[in-house]
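1. give me a model of this one.
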Amino acid sequence: MITGYKAARNRPLTRGQKLSNTALAAVRAPVEHGFAHIKNWRVLGKVRTDPTWATALVRALLVLTNREVSR
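-> Have a look, this model is predicted:
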């Protein structure tokens, strides 16, 4: 798991840490937006199937959602 840097009251972030946080946010944003769109569909709350198949379904939906959002 990759986490960003957090500044303390007496220790501000360095330029490199700020750049690292920016790069991490750029990678995380599309994924988080995709999950938000999938949650709005509400269809996944009713999925009663094999977890392996459900995982493949969620991955496919996430790819399609990200592609739609990026247009």
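
2. hey, where'd the helices end up in this protein?
-> Taking DSSP state H, the helices of the chain run over residues 15-41, 51-70.

3. measure how the last one sits relative to helix 15-41, angle-wise.
-> Direction vectors for helix 51-70 and helix 15-41, defined by axes from the mean of the first three to the mean of the last three Cα atoms, to 10 degrees, enclose an angle of 110 degrees.

4. show me what helix 51-70 is packed against.
-> Packing partners of helix 51-70 (3 or more Cβ pairs under 8 Å, 6 or more residues apart in numbering; DSSP states H and E): helix 15-41. To be clear about C-beta, it is placed using only N, CA and C from the backbone, and glycine gets the same treatment.

5. and the helix it packs on, how far out from the chain middle?
-> A distance of 5 Å separates the centroid of the chain from that of helix 15-41, by Cα atoms, centre = their mean, to the nearest Å.

6. pLDDT score for Arg42?
-> We have a pLDDT of 68 for Arg42.

7. how about Ala29?
-> At Ala29, pLDDT is 85.

8. repeat for the one 3 residues further on
-> For Glu32, the model assigns a pLDDT of 84.

9. one step back: comparing the helices of the chain by mean pLDDT, which bottoms out?
-> helix 51-70 (a mean of 77).

10. which parts of that one are buried?
-> 61-62, 65 (16 or more other Cβ atoms under 10 Å).

11. picking up where we left off before, got the helices of the chain as CSV, with distance to Tyr5 columns?
-> Output for the helices of the chain, formatted as CSV (distance: least, Cβ to Cβ, whole Å):
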stretch, distance to Tyr5
helix 15-41, 4
helix 51-70, 26
